[in-house]
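**Student:** Sequence and predicted model, in that order:
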Amino acid sequence: MATLSGKNVLVIGGSSGIGYATAAGALAQGAHVTIASRSEEKLRAAQASLPGKVEARALDVADSASVEAFFNAAPTYDHIVVSGAAFKFGTVRDQNIDDAFAAMNVKFWGAYRVARKARVAADGSFVFVSGFLSRRPKPNMVLVGAINAALETLAQGLALEMAPIRFNVVSPGIIDTPTRAAMPAEARKAMLENVAKSLPVKRVGLAEDCADQILLMLRNTFMTGSVVYIDGGGLLV
């Protein structure tokens, strides 16, 4: 198993949630970490609270010019993690078509743009974060599931096209991250408790559960084209 000590790791979406936990874990393993996201405010807060020296750079993966400028000024990375993609969702008939295009643009095309422009070491890797709705579609979230499935297929194709650079995907289930903070507190608590009861592990996931798998994928040099579901057994019930 390879080490992350001394490696350059870029975590896109590293200012919160799974990306933040991944950045913290990479720092703990001795990596040089850069976090990137659209929000300068969130980046600075994350940079101040992460347990180590971290570079923070603004990046909007939904904008091709932003991605190109970012990587033109960036070093060669050993590993890149693409996490975090907040967008609106709803039923196919009710969702605004512009919101639907924006969702695909940020999560799927964002990862595509990064893979296309980033300089990565030949023995390096990418990890994308999708979601188990790729395998378990739900009403009101049809587009999310389709985007996740497309992202997983993208990674597998890139694992062949860009070999020996490795591409893997972590596909989370219900994870208690700041993206759910917008829900009213009581509704959020009730939802998470109900989900926990339905899962074989009897709890919802934490950002660290996903980060642990991401860090393993970065280090495991015999792993590429893999999609790992971190869902507490959600696909079984």
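**Tutor:** Received, thanks.
**Student:** For the strand or helix carrying Ile18, C-alpha coordinates in CSV please.
**Tutor:** Per DSSP states H and E, Ile18 falls inside helix 17-28. Below are the C-alpha coordinates for helix 17-28, written out as CSV (Å, rounded to 0.1, in the frame of the first residue of the first chain):
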residue,chain,number,x,y,z
GLY,A,17,-18.6,17.7,4.4
ILE,A,18,-16.9,14.7,2.8
GLY,A,19,-14.3,16.9,1.1
TYR,A,20,-13.4,18.6,4.4
ALA,A,21,-13.1,15.2,6.2
THR,A,22,-10.9,13.9,3.3
ALA,A,23,-8.6,16.9,3.5
ALA,A,24,-8.3,16.4,7.3
GLY,A,25,-7.5,12.7,6.8
ALA,A,26,-4.9,13.4,4.1
LEU,A,27,-3.2,15.9,6.3
ALA,A,28,-3.1,13.4,9.1
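**Student:** tell me the mean pLDDT for it?
**Tutor:** Average pLDDT, helix 17-28: 97.
**Student:** buried ones in that helix?
**Tutor:** Gly17, Ile18, Gly19, Tyr20, Ala21, Thr22, Ala23, Ala24, Gly25, Ala26, Leu27 (16 or more other Cβ atoms under 10 Å). Backbone N, C-alpha and C define where each C-beta goes, glycine included.
**Student:** With stretch 43-58 instead?
**Tutor:** So stretch 43-58, judged by 16+ other Cβ under 10 Å, has buried residues Leu43, Ala46, Gln47, Leu50, Val54, Ala56, Arg57.
**Student:** Mind checking which of the residues you listed are in strands?
**Tutor:** Under the assignment DSSP state E, the buried residues of stretch 43-58 contribute Val54, Ala56, Arg57 to strands.
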